[in-house]
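**Student:** My questions are about this predicted structure, shown below with the sequence.
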Amino acid sequence: MSAVKKSLVVEQLRRNQMIELLAQGKRMDGRGLLDYRAIKIETGIIPKASGSAKVTIGDTQVIAGVKVETGTPFPDTPDQGLLIVNAELLPLSSPYAEPGPPDEGVIELARVVDRGIRESQMIDVSQLVIKEGEKVYAVFADVSILNTDGNLFDTTSYAVVAALLSAKYTKYEMVDGKLRPTEVKEALPLRTIPVSVTIAKIGDSIVVDPTDEEEAVMDARLTLTTDSNGNICAGQKGEPGTFSFDQMLSGADTSRMKGQEIRNLLKEATGYTG
Amino acid sequence: MPDIRRKYVIPGELIAEGNYRPVANVLRVGEKYYSTRVGMAEVGHEGVRVIPLSGPYIPRVDDLVVGKVVDYSAFAWEVDINSCFFAFLPAQSVFGRDYSPAEDSLTSKFAVGDMLAAKIFAFDRTRDPLLGLAGPGLGRIPRGEIVKITPTKVPRLIGKRGSMIRTIEMATNCRLTIGQNGVVVINGSPDGVLMSLKAIKLVEEEAHTADLTQKVQALLGQRGATA
């Protein structure tokens, strides 16, 4: 029998306590239902990366690095650069994380974060072309989760966005059909700042920024990503529970409202003014 | 005079020389006794031992533990007892000898997430510990506040012949169930629970100091007077 369990089991007593408290509009850690934990964003912490960021929300800690390299475009999009987001859950990050290939949760995490950035069209990939159909820039965002205490979706998303906002990449030029690096370093061509906001349904209550314990108890989860104009550009619903139509609408409002607050935090931390 | 010599030690530190019985957390090399843990060393007529400052709970037969059901199979529940071992509660010990997986449903008694008080029935370090529910006060814990403390500090929380636990229970009007594995369940009024929590925190933080009972009495007495 293995000594490692796959996920957190919350005591029935604590579960009842949590649902009782939520019905009164309170949470176990004293937050309001629509309050995030303290968010800390640091950039430029990996000197060798084009851009990097470490984001801490409560006890959840994520580090993201962006590397801009050159590569061949996909055949169906010869006039676009590449964006690839990958996430990795370090075994040290949680008692329930195991070494080995990523499990479905981590794959979902990388996909949701990737989708938020891609669909908001944060990066103007058409400007990342060196020679159409042959050479483009490829933006790799790699994420390592250092510590887990719930809401990995948002923490990872902010880390990648902050890393992209602060990234500088080396320009290449084509000389005699060969690529040569230049001295020029430029910021990525960015258009908007996508911010994801994750809400969880526990009992009949809706909370944002769920902790690990709340995630273990939640019936359903919804991650919505908004761009700088407040348009919802990506979404992901998880867990078997359901949201009512009204809950979806208020969730959309919450994601816009919270998104704006966090967008300001991201701008402040990265010095991005666009 | 029962001369017991005490001192703080770190792993590898020489505790005593001579002919003693190595009781716990002690390495004997010839006539010399070295500590294997960080903690308080005691040298007395019983022998040499080290009481560690921290560490996991290692099950011992007949210990009362408070555990959480995390899984079940056809024949047993798997219980998290805050240790490096998961414990098993055999279905037979709950349903009786004529337990049949076809007729009796394990979830009808305990579901995943339930807390229970149990005794360690058997453990020999080669297999996972077995739990038993035979005894007064054992079984599912229907309500209460759960607190975890460092398992090595449980003896201080109980006190000499239960003096500490009695002090806290009397002052706060709460009922404390203390598992040897460091899980404590408090039952009582919300104010009493809060006061007990404070007292337990104090015991945990200052477990290695003297006059602990007086400190707890002072804390609870003052709170009681102002409340």
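**Tutor:** Cool, got the structure. Residues are numbered from 1 along each chain as shown, chains lettered A, B, ... in the order given.

**Student:** How about the contacts made by the residue in the stretch 1-150 of chain A positioned nearest to chain B?
**Tutor:** Nearest residue of the stretch 1-150 of chain A to chain B: residue A:12, at 4.1 Å (Cβ to the nearest Cβ). (Glycine included, C-beta is placed from N, CA and C.) Listed by Cβ atoms under 8 Å, 6 or more residues apart in numbering or on different chains, the contact partners of residue A:12 are B:111, B:113, B:114, B:115.

**Student:** Ok, residue A:69 next?
**Tutor:** A:137, A:138, A:140.

**Student:** Surely residue B:8 is in contact with residue B:37?
**Tutor:** No - with contacts counted by Cβ atoms under 8 Å, residue B:8 stays clear of residue B:37, the gap being 11.1 Å.

**Student:** Tell me which of these two has more neighbours.
**Tutor:** residue B:37 (19 against 13; other Cβ atoms under 10 Å in any protein chain shown).

**Student:** What count of nearby residues applies to the residue nearest to residue A:94 when sequence neighbours are not counted?
**Tutor:** Residue nearest to residue A:94 in three dimensions, not counting chain neighbours: residue A:148, with 3.9 Å by Cβ to Cβ, 6 or more residues apart in numbering or on different chains. By the criterion of other Cβ under 10 Å, residue A:148 has 23 neighbours.

**Student:** Chain A contacts on chain B?
**Tutor:** Within chain B, the positions adjacent to chain A are B:68-71, B:78, B:80, B:84-86, B:111-115, B:128, B:141, B:143-146 by Cβ under 8 Å from any Cβ of the partner chain.

**Student:** rerun that using 7 Å as the cut-off
**Tutor:** Proximity of chain B to chain A (Cβ under 7 Å from any Cβ of the partner chain) is limited to residues B:68, B:70, B:84, B:86, B:112, B:113, B:114, B:115, B:128, B:143, B:144, B:146.

**Student:** Show me which of these are buried.
**Tutor:** The neighbour count (16 or more other Cβ atoms under 10 Å in any protein chain shown) marks B:68, B:70, B:86, B:113, B:114, B:115, B:128, B:144, B:146 as buried among these.

**Student:** Inside strands: which ones of these?
**Tutor:** Among those, the members falling in strands are B:68, B:70, B:86, B:115, B:146 (criterion: DSSP state E).

**Student:** got CSV for these, with pLDDT too?
**Tutor:** Formatted as CSV, those follow (pLDDT from 0 to 100):
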residue, pLDDT
B:68, 93
B:70, 92
B:86, 92
B:115, 93
B:146, 90
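
**Student:** Go through the residues you listed and name the one nearest residue A:84.
**Tutor:** residue B:70 (37.3 Å; Cβ to Cβ).

**Student:** Quick check: the closest one vs residue A:122, distance?
**Tutor:** 41 Å (Cβ to Cβ, to the nearest Å).

**Student:** phi, psi of residue 60?
**Tutor:** All of this is about chain A. Dihedral pair for residue A:60: phi -80, psi 130, per degrees, to the nearest 10.

**Student:** try chain B instead
**Tutor:** phi -130, psi 140.

**Student:** Next, the contact list for it, please.
**Tutor:** Going by Cβ atoms under 7 Å, 6 or more residues apart in numbering or on different chains, residue B:60 touches B:120, B:123.

**Student:** how near is it to chain A?
**Tutor:** Look at residue B:60 and chain A: by Cβ to the nearest Cβ, to the nearest Å, they are 19 Å apart.

**Student:** Can you select the buried ones among the contacts of residue A:69 for me in PyMOL?
**Tutor:** The buried residues among those can be selected in PyMOL (16+ other Cβ under 10 Å) with this line:
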select buried, chain A and resi 137+138+140
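
**Student:** got a markdown table for the contacts of residue A:69, with distance to residue A:246, secondary structure and pLDDT too?
**Tutor:** Converted to a markdown table, the contacts of residue A:69 look like this (distance: Cβ to Cβ, whole Å; DSSP: H, G, I helix; E, B strand; the rest coil; pLDDT from 0 to 100):
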| residue | distance to residue A:246 | secondary structure | pLDDT |
| --- | --- | --- | --- |
| A:137 | 44 | strand | 96 |
| A:138 | 43 | strand | 96 |
| A:140 | 40 | strand | 97 |
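
**Student:** Residue in chain B with the shortest distance to chain A?
**Tutor:** residue B:113 (4.1 Å).

**Student:** wait, isn't that residue in contact with residue A:9?
**Tutor:** Yes - here residue B:113 reaches residue A:9: they are 5.6 Å apart, a contact under Cβ atoms under 7 Å.

**Student:** Contact partners for residue B:196?
**Tutor:** Counting by Cβ under 7 Å, 6+ apart, residue B:196 has contacts B:168, B:172, B:174, B:176, B:186.

**Student:** Out of the residues you listed, who's the most crowded?
**Tutor:** Busiest of the contacts of residue B:196 [other Cβ under 10 Å] is residue B:168, holding 28 neighbours.
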